[in-house]
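S.K.: Sequence and predicted structure, then a few things I'm wondering about:
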Amino acid sequence: MPVESGVRGYRQLAEFLSPFKAPLVFALILTGCLTVIGMVAPLLMRRLINDVAREGNWDIFPMLMGLMFAVPLLRAVVNIGTSITLNQINLGIIGRTRKRIFHHLMRLSMDSYSQMPVGGMQQRLMGDVATLSGVATGGIISLLADGVAVVFAVVVMLRLSLPLSMLTFALLPAYFLNYWFFSKRIRTATALLRSRMDHISSTLQERLSAHELIQSYGQDRAEATHFTSQARQVMDAAIRGSVYSTSFNHLATVINQVGNTLIFCAGAYMVIQEQMGYGDVVAFCAYATNILGPVTRFAGVSNQLVQAGVSADRINELMHREPAIRESEDPEHVETLEGDIRLDAVTFSYPEGRPALHEVTLSIPAGTHVAVVGAKGAGRSTLAMLLRRFYDPQEGLIAVDGTDIRRYHLREYRRAMAMVRPESAIFDGSIADNLRYGKPDVSDERMIEVSRALGLDEFVSELHDGYGTLVGTGGLQLSTGVRQKIGMARALIADPLMLILDEAVAALDAESAETAIQAVLDAMDGRTCIIVINRVLMARGTDRVVVMERGRVAQIGEHAELLVQAGSIYRDLFASQYGRDRLPPLSEE
Amino acid sequence: MMQLVWRMIRSQLGTHWKGLAVVVIITAGTSATPYGFAMLGRWLVDDVLQVGAPAAPAAEQDILEGAGVEEPEGLGPAAAVELKSPEERLRLLVLFLLASIGIHVAVTGASAVSEVIRSRINNGVIYSLRTAIHRKLASMELAVFRREQVGQLMTRVLDDISGIPGHMTQLVVNAITQTLMLVLGLVLLVRLNAAMTAIVLFVLPFYAVTCAVFLPRIKRNTEDLRDRVAALSGFVIERLSNVLTVKNYAQEERESDAFAGKVDENLRLSRRQHRLDLLFSTLTTVITGLGVLTVLAMGFLNIRTGRMQLGEVLAFHGVTAQLFVPISAMVGLLSTAQTLGVLSVRVFTILDTPAGITDPDDPADVNTLHGQIDFEGVSMQYHEGGPFALRGVDLSIPAGTAVCIVGRSGSGKSTLLGLVTRMYDPSSGTVKLDGTDLRRFPVRDLRRAVGNVLHHCPVFTGTIADNIAYGRPDAAAEDIEKTARLVGLDEFIRSLDDGYRTQLGRGGIQMSNDQLARLGLARALLTHPAILTIDDTFSAFEPEEVKALREAVRLLLHDRTILLATSQLEMCRDADLVVVMQQGSIVQLGTFDELLEQPGTFRRMYLRQAGLQE
């Protein structure tokens, strides 16, 4: 299994390595040199012992000693070259691959994001890329260097002594037996430990974010007991894993030591029998170490290769996803939008199969302010998502200013309009950074002006650092209400040609919500604006109301007009929200 | 900081001292074996193989003649060797073989045992630290929890602690064993050849200085790099989780560029790190390589003059090569101690944080609570010098009253509710329950007596039934189902394949906010609390839905005190008492109808919400 997937791993790796061919070849040559230099020392030592110490040939001593001194220096020089080259390749792969993946992630449309958790994407971007580049430079090079070393060592060993060589080869199966016995057990134990660790850390995450609940039910002791038992399981798994890996490593050491001792003693025996010089034995032992080392390493490297193959697979799977929302071949550039919106028999289901809109036909003239109301799940938010082209409808057509929106340059189209969602994202950084997100060069005056209109300035000016206050994970935690205000201010600051508010005021109290909506409508005077709302009275300031019901448009008209129509859904909505007694009388017709 | 390291060692390793002693003894023994083999090798080469001596009497003459003139004076150890017969030598060789295999197996076996003991100690320490920190966390009061940003610190610490025991055992074990090694090595060298030891002593300081200069820098750089990588991860998570906003403002290019910038910065740091590593390893290998070779060359010259035998030279060479290990290990200990110091500070910062609210010495009984609540001059600041969340609130709520608290966001509604469950203690004034100061009740009992429906209702990984029964894990299945039915969840739950056994949370189904709110209510109702508080949980519900829920509450808790904070004024219609709050103070009190008739905040808010102008 490891060999097979190892080969596949290589093929996958080759793709990531291809831009670095020349430096890789260079590194390989240097590594070869390094190995050969390393293997010269035992030969020198052999001559020192045999020829100098034993035979008393002191004439060659200065030369041999000089070479001995040259070895570490030469080795250091070559090693610096190799190491720097390899590091460049390594970092090159990391940088290049990470940037490519992130860029690709930014291109992907929302359907990919709903199919793959963010944690998985992050894992590919950080962990998998690191594994890949580590193996590419570490694993492969060490495998090749070991190969060179083994060939060199075997040749020299055979020349030094055939019987000792045979003994050395006879020892190899012991290594494989050890590996074969333990590898699976260690893998299972590691997997168990990892899954228990995952478990404990996600439990912790969950409990930390629900601290208030735990406290309010007085359950902290029970939680501690629960956590303790999980921590104990982690401890047990960790200890079991360490028993296996300790046994494996130490058994490998024993095999290695006993093997070396056997080889050495066999050599010593031959010295006594005067079949070999002691120097030969010393050199032979040094080479035997050189082939036994790679054998022990091989197991590790082949595991790494399998890992790298898996990582490469995971990355490729991500890179081969295509955004569902695509730019047209010859996109139409968006300089200005009048904001005349037309939906023609639009039908849409979400990627996971949930139907959302059914044959919606709707026309919104340029500059109109429209309120969209209806029960939860009636399709109001979906309408907003489609207009933004986060998804394309399966059937029907959406046109803005008479052009199919699929024909527009995607980013220019999106930049021309803004949308505010109920959950406003807050990025790490200052409040000002967050407000300016859509238009980084906007002036302070404009930013404060918009914030004031939305009732946000009041909150910000009470903060110690005002608009410079840091928010997000590392900074101040904001209430949902403040986040929603920031979301709306961010949209207005971006100065869009069209604006969509999707339940953007749901967390505000009635008074603040009304102020905010009014501020938005005032700012968007003359530009198309669509507001999705819960409470029907918020629709008063708009030109037109669209009532949605189960994925269809049920009613269109003005607030006052719909309110007094007999059998109007809008009227029913009003009654359920504000009470029958507050209904205005029905109109005459 | 070093006191904290000491405190950490004492508190965590104290119980493991026996195991640790075994580890120290074994480690000292195993690290001495290379020395042992170097000396054994000398015996083998000089006395068994007799390599330095002529192989046969005939050859002896040749070599001595060939070697030159000094032979008559060559009265060093070499000359004193007396040749052994091949049979004798063979017997000694077998002895050597058996002895060295025996030593190897024994030493490796012992070191395996010591590894396992070490792993047990390490994991035991991780376990005890983890649970101690978690216990602290779980008991920490909300105010402290938020103020210290404990949540964040805690996750970091729970990751960090896995490094503590390793560093700690390393510090203790290495400090002892490596010192022993260094001394033992030097003693051996002096005994082998005092003059050559001088050369070694000349080289060692170079090595030590290089270590001392580089190791701390490398360590700093590594930590720096690790922080940057963590920051990059954080950036990725944040952007990807909020990709909708990124796309919304069509900022993909800018984000890609920002990411590329951060990646490049990381790579620059990695490159620097690599250069530093490389420089260090090159310098040390060159220094040790040259030092060891000098020793070897000197040794050979001594062989030539007959002052040493080959075996001695090889042994000296072997011991010298080993001597560099304890030096780098001891220099490394300094930075280990530093890291351990930093980690200890983090751990003890948390363990030493006062929990905030503590149990009274002579607790009052909560079991007979009627549910009368009195606020007497209660003011609340979340932190000293901060804004007042409540200012001098006086309010008396008779047992069994249904109270609605209304006001704009930030007017102090949630704070008022939090005080009833003693999530916080007031900065001044008292909150009384049935006339007894809240602080006199055991805090966990009090909280179990007061049901609490939060604004956002979290779920835990587990079944729906487990989640509903969170506050009363021993609740009967019928009770759980009955409560679920009353809050309008039963139908939904039954529509699921696994019904009440359906998994929620990690790996489970997602519930809508609506359903979560109902679940939160069911959870509270099931505990039959003497007092129920609801923190603006149902404001997004349609009035009819709210009415149904109100029926459920009334049915289960008919004579209990109920506090409901809300921003929907319609919900106040049936309340016995409406409390209107503004900027931390109570501005109006009365029934819905009374308040609607008198001019004031409530009337203004109501008319505005209903779309009528005054």
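M.R.: Received, thanks. Numbering: from 1, shown residues only, chains lettered A, B, ... in the order given.

S.K.: which residues of chain A score low on pLDDT?
M.R.: Applying pLDDT under 70 to chain A flags residues A:1-13, A:299, A:352, A:473-475, A:477, A:588-589.

S.K.: So residue B:477 sits against residue B:484, correct?
M.R.: No: using Cβ atoms under 8 Å, residue B:477 is not in contact with residue B:484, being 10.5 Å away. C-beta: built from backbone N, CA, C; applies to glycine.

S.K.: Pass me the low-pLDDT residue ranges in the stretch 351-500 of chain B, would you?
M.R.: Using pLDDT under 70, the stretch 351-500 of chain B drops low at B:355-357, B:383, B:385-386.

S.K.: residues bridging contact with residue B:477 and residue B:484, i.e. touching both?
M.R.: residue B:500 (Cβ atoms under 8 Å, 6 or more residues apart in numbering or on different chains).

S.K.: of the two, who's got more company?
M.R.: Between residue B:477 and residue B:484, residue B:484 has the larger neighbour count (other Cβ atoms under 10 Å in any protein chain shown), namely 24 against 10.

S.K.: any idea how far that one is from residue A:143?
M.R.: According to Cβ to Cβ, to the nearest Å, residue B:484 stands 61 Å off from residue A:143.

S.K.: does stretch B:206-221 come close to chain A?
M.R.: No: using Cβ under 8 Å from any Cβ of the partner chain, stretch B:206-221 never reaches chain A; the gap is at least 13.5 Å.

S.K.: tally of neighbours for residue A:317?
M.R.: Under the neighbour criterion other Cβ under 10 Å, residue A:317 is assigned a count of 11.

S.K.: Where does it fall, secondary structure wise?
M.R.: Assessed by DSSP states H and E, residue A:317 sits inside helix A:278-319.

S.K.: can you pull out the strands in the stretch 151-300 of chain A?
M.R.: Secondary structure of the stretch 151-300 of chain A (DSSP state E, counting those that start in this stretch): no strands present.

S.K.: what stretches of chain B score poorly on pLDDT?
M.R.: By pLDDT under 70, the low-scoring segments of chain B are B:52-82, B:143-158, B:355-357, B:383, B:385-386, B:506-507, B:610-614.

S.K.: And the strands in it, which stretches?
M.R.: Per DSSP state E, chain B carries strands over the ranges B:373-381, B:388-397, B:402-406, B:428-433, B:436-437, B:450-453, B:462-463, B:503-504, B:531-535, B:561-566, B:577-582, B:585-590.

S.K.: which of those is buried the deepest?
M.R.: Comparing the strands of chain B by mean neighbour count (mean count of other Cβ atoms under 10 Å in any protein chain shown), strand B:450-453 ranks first with a mean of 28.

S.K.: Sheet partners, orientation included, of it?
M.R.: Paired strands of strand B:450-453, with direction, are strand B:531-535 (parallel) (DSSP bridges).

S.K.: quick revisit: any idea which of the strands of chain B gets closest to residue A:157?
M.R.: Residue A:157 lies closest, by Cβ to Cβ, to one member of the strands of chain B: strand B:503-504, at 61.3 Å.

S.K.: Which strands or helices does the closest one pack on?
M.R.: Applying 3 or more Cβ pairs under 8 Å, 6 or more residues apart in numbering or on different chains; DSSP states H and E, one finds that strand B:503-504 makes contact with strand B:462-463.

S.K.: Tell me which strands the strand it packs on pairs with, and in which orientation.
M.R.: If you go by DSSP bridges, strand B:462-463 pairs up with strand B:503-504 (antiparallel).

S.K.: Name the helix or strand for the residue nearest to residue A:492 when sequence neighbours are not counted, please.
M.R.: Nearest residue to residue A:492 in three dimensions, chain neighbours excluded: residue A:450, at 4.8 Å (Cβ to Cβ, 6 or more residues apart in numbering or on different chains). For residue A:450, the host element (DSSP H and E) is helix A:444-453.

S.K.: Counting neighbours, show which residues of that helix come out buried.
M.R.: Neighbour counts using 16 or more other Cβ atoms under 10 Å in any protein chain shown place A:447-448, A:450-451, A:453 of helix A:444-453 among the buried residues.

S.K.: same deal with stretch B:17-35?
M.R.: Within stretch B:17-35, the residues that count as buried by 16+ other Cβ under 10 Å are B:19-20, B:23-24, B:26-35.

S.K.: which of these lies closest to residue B:90?
M.R.: Of all the buried residues of stretch B:17-35, residue B:90 sits closest to residue B:33, with 25.2 Å by Cβ to Cβ.

S.K.: How many residues are close by the closest residue in space to the closest one that isn't next to it in sequence?
M.R.: Setting aside the residues directly before and after it, residue B:33 is nearest to residue B:107 in space (Cβ to Cβ, 6+ apart), at 5.1 Å. Residue B:107: 22 surrounding residues under other Cβ under 10 Å.

S.K.: Residue B:29 is in contact with residue B:107, correct?
M.R.: Yes: when contacts are counted by Cβ under 8 Å, residue B:107 is listed as touching residue B:29 (6.9 Å).

S.K.: burial measure for residue A:204, as a count.
M.R.: Counted with other Cβ under 10 Å, the neighbours of residue A:204 add up to 19.

S.K.: ok, it to residue B:159 distance?
M.R.: Noted for residue A:204: a distance of 10 Å to residue B:159, by Cβ to Cβ.

S.K.: again with residue A:493
M.R.: From residue A:493 to residue B:159 the distance is 38 Å (Cβ to Cβ).

S.K.: Look at these two and report which has more neighbours.
M.R.: Shown here are residue A:493 and residue B:159; by other Cβ under 10 Å, residue A:493 has more neighbours (22 against 11).

S.K.: Could you report the distance from the residue nearest to residue A:492 to residue A:522?
M.R.: From residue A:450 across to residue A:522, the span is 11 Å (Cβ to Cβ).
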